[in-house]
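Colleague: Provide a 3D model corresponding to the input given below.
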Amino acid sequence: MVNQTYTADVLVVGGGTGGTAAAIQAARRGAKTILVSEFSWLGGMLTSAGVSAPDGNELEAFQTGLWGAFLQELRQRQPGGLDNSWVSFFSYDPRIGAEIFADWVQELPNLHWISGQVPIEVYRQGDSITGVRFADFAVTAKIILDATELGDLLALADIPYRWGWELQSEWGEPSAPVTFNSLTQRYPVQAPTYVVIMQDFGEAVAPEIPAAPNYNPSQFIGAWDGYGAETFLNYGRLPGGLFMMNWPICGNDYGEGLGRLIESDVSRGEFIQESRWHSQNFAHFIQKQLGRRYGLAEKVFPHAPTAFALHPYYRESRRLVGLTTVREQDILPIAKGRVASIFNDAFALGVCEAIAVGNYANDHHYPGVQFPLQPKSIRWGGRWTGTPFTIPYSSLIPVTTDGFLVCEKNISVSHIANGATRLQPVVMGIGQAAGMAAAICVELNCQPRDLPIKTLQTALLEDNRSKALIIPFFNLPPNHSDWRHWQLYYLDNPQAYPVSGDCPCLLGNDYPDSAFDKALIQESNCFKGIFYRLSQQEYRFTVTAPTAYQGQNWQLVTLRSHIDEQLRAYPHEQLVTLWGRQNHFGNWLLVEHLNGG
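Modeller: Here you go, the predicted structure:
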């Protein structure tokens, strides 16, 4: 029974990574916004799903928009910093992330957040979505955004969506299967993971972790073979002796009966319960093998048991059938290049529809199966990173439905390309763009499909709180004085976008001496030592000072383009003075400043 009906300019359903960003951006733009979330924490993958060691968009030039602002807040709030694991450059206590999003929402008087609710019915008039009903209230709005973890509004509104694989004959994707097979049948979408946080109890004895139903230790045997137990634990190490367990090799990915996720509420609940049991059994196995020093974390998540995330980490959901579909070839680097094309085949000739940027490798999860994909990684800054790609605005818009946008993993994307578009920073950028688009549609009294793309792109580039990257360049950091100029230049002249991914208008020493740089250096330590070039993009550093580190060998890495240039040019076996932060668990030194460069 509906007891109350709220009205808003913008309604965001789902408080995950994309939905939280969308609601904050829409409200900051001035739209009266309502955000309805299922869980008591906002942030989804970054917080309530427990994946507080995010992947992708790690290079300084890609740390823009709400994603960049989130990283800056984490640096200020997380005691001990973010250099805690080897899987990510940013690992943090998920409670800190949840606090940041809650604070951002609370400071906006025109943003009303309601938690603990899921959508039950979608209202429509003709081809327009007009509102959503929840358990005891409804919301009507001019623009409604589906930010649910599994694209639930798509199903409720009868908006066409995809679930499962597309064959190579569909779009000519090089990694797509030629025919449906046992893999496509067993795993219609990528396997989720129910993240569990473990804790190092030191000399104390951790409480015993009981086995859950269906415990089968043979599932986990060999989980850390080739790594060693310590390296395995440090994969997702968090501050305060915590360990994020999100491990794909004989670990806690769970993919049994994935179709249940969209069959019914009951079947979804059964899958969720089983996936949590599977993670409990993995934690039980770890404790049995490595000892009672390691147990379930205490008081992390705001429910019992407190070591388990609020919901699974979903890697894939229902996927919209949109005006444009992002395919594998849209995320792969162009021939002899280091970047994907900023044109999608479906774009109008000469128009770049980019509204968000990602760069992660195409990463698929099918337990027990190695699935080969076309490579999209390069060596950069002394390590591997992914080649950048863009998300087109029209992949957020249904083919025929008005008053509606998607802003999560539910964009119009192929199953294959979803392996790269699903990552946390990309989804956050998609959410920010969707929230901005919704607010501007309200201002202009137009439908999302009629919103001039340049208006949206300019608003994202010029946002006074969290300006967002549109055109990816390795060497154009957001604090560069000409950043906006070159972003707009290549939006107007997309045919000139260089295959190198470097803005050719910038010289090697054309780098700002800003407060941002000085702050990074102040947070760093000074080291002296000998520089060794092991290969073109692999560097070793033997410390000579300070004496506490003398003789230690570290890998040198950087996220900053001008440091990358200096490392590529630095002479082999030379003495060097540098400033950086050591990541003991990754055995690298993250270089922020090199010999006055």
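
Colleague: Tell me where the stretch 201-350 of the chain has helices.
Modeller: For the stretch 201-350 of the chain, applying DSSP state H, counting those that start in this stretch gives helices covering 229-234, 265-290, 328-331.

Colleague: who's in contact with the shortest one?
Modeller: The reference is to helix 328-331. Helix 328-331 is contacted by residues 171-176, 340-341, 344-345, 358, 362, 374, 376, 389, 414, 416-417, 420-421 when judged by C-beta atoms under 8 Å, 6 or more residues apart in numbering. In this view, the C-beta of every residue, glycine as well, is placed from N, C-alpha and C.

Colleague: Surely residue 561 touches residue 60?
Modeller: Yes. With contact defined as C-beta atoms under 8 Å, residue 561 counts as touching residue 60 (7.1 Å).

Colleague: Output the helices of the stretch 201-350 of the chain as CSV; include the columns mean neighbour count.
Modeller: Listed next are the helices of the stretch 201-350 of the chain as CSV, based on neighbours: other C-beta atoms under 10 Å:
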stretch, mean neighbour count
helix 229-234, 17
helix 265-290, 19
helix 328-331, 26
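
Colleague: Tell me which of those helices sits nearest to residue 526.
Modeller: Nearest to residue 526 among these is helix 229-234 (25.4 Å), distances taken as C-beta to C-beta.

Colleague: re earlier: just the buried subset of the contacts of helix 328-331, please.
Modeller: Neighbour counting by 16 or more other C-beta atoms under 10 Å classes 171, 173, 175-176, 340-341, 344, 358, 362, 376, 389, 414, 416-417, 420-421 among the contacts of helix 328-331 as buried.

Colleague: So which of those are in strands?
Modeller: In strands, defined here by DSSP state E, the members of the buried ones among the contacts of helix 328-331 are 358, 389.

Colleague: circling back: inside helices: which ones of the contacts of helix 328-331?
Modeller: In this view, the contacts of helix 328-331 that belong to helices under DSSP state H are 171, 420, 421.

Colleague: Now do the helix or strand residue 183 falls within: which elements does it pack against?
Modeller: Assessed by DSSP states H and E, residue 183 sits inside helix 182-186. Identification of packing neighbours for helix 182-186 by 3 or more C-beta pairs under 8 Å, 6 or more residues apart in numbering; DSSP states H and E yields no helix or strand.

Colleague: where's it relative to the chain centroid, distance-wise?
Modeller: Averaging C-alpha positions (C-alpha atoms, centre = their mean, to the nearest Å) puts helix 182-186 26 Å from its chain's average.

Colleague: Is residue 315 in contact with residue 189, as I believe?
Modeller: Yes. Assessed by C-beta under 8 Å, residue 315 is found in contact with residue 189 at 7.5 Å.

Colleague: who has more neighbours, the two?
Modeller: It is residue 189, of residue 315 and residue 189, that has more neighbours when counted by other C-beta atoms under 10 Å, with 27 against 20.

Colleague: so which strand or helix has that one?
Modeller: Using DSSP H and E, residue 189 sits within no helix or strand.

Colleague: contacting residues for it?
Modeller: 163, 164, 258, 261, 315, 316, 317, 415.

Colleague: So for it, what's the pLDDT?
Modeller: Model confidence at residue 189, given as pLDDT, is 98.

Colleague: What of residue 75?
Modeller: Residue 75 carries a pLDDT value of 97.

Colleague: What values do phi and psi take at residue 130?
Modeller: Main-chain torsions, residue 130, degrees, to the nearest 10: phi -120, psi -20.

Colleague: Then residue 440?
Modeller: Taking degrees, to the nearest 10 as the convention, residue 440 sits at phi -70, psi -40.
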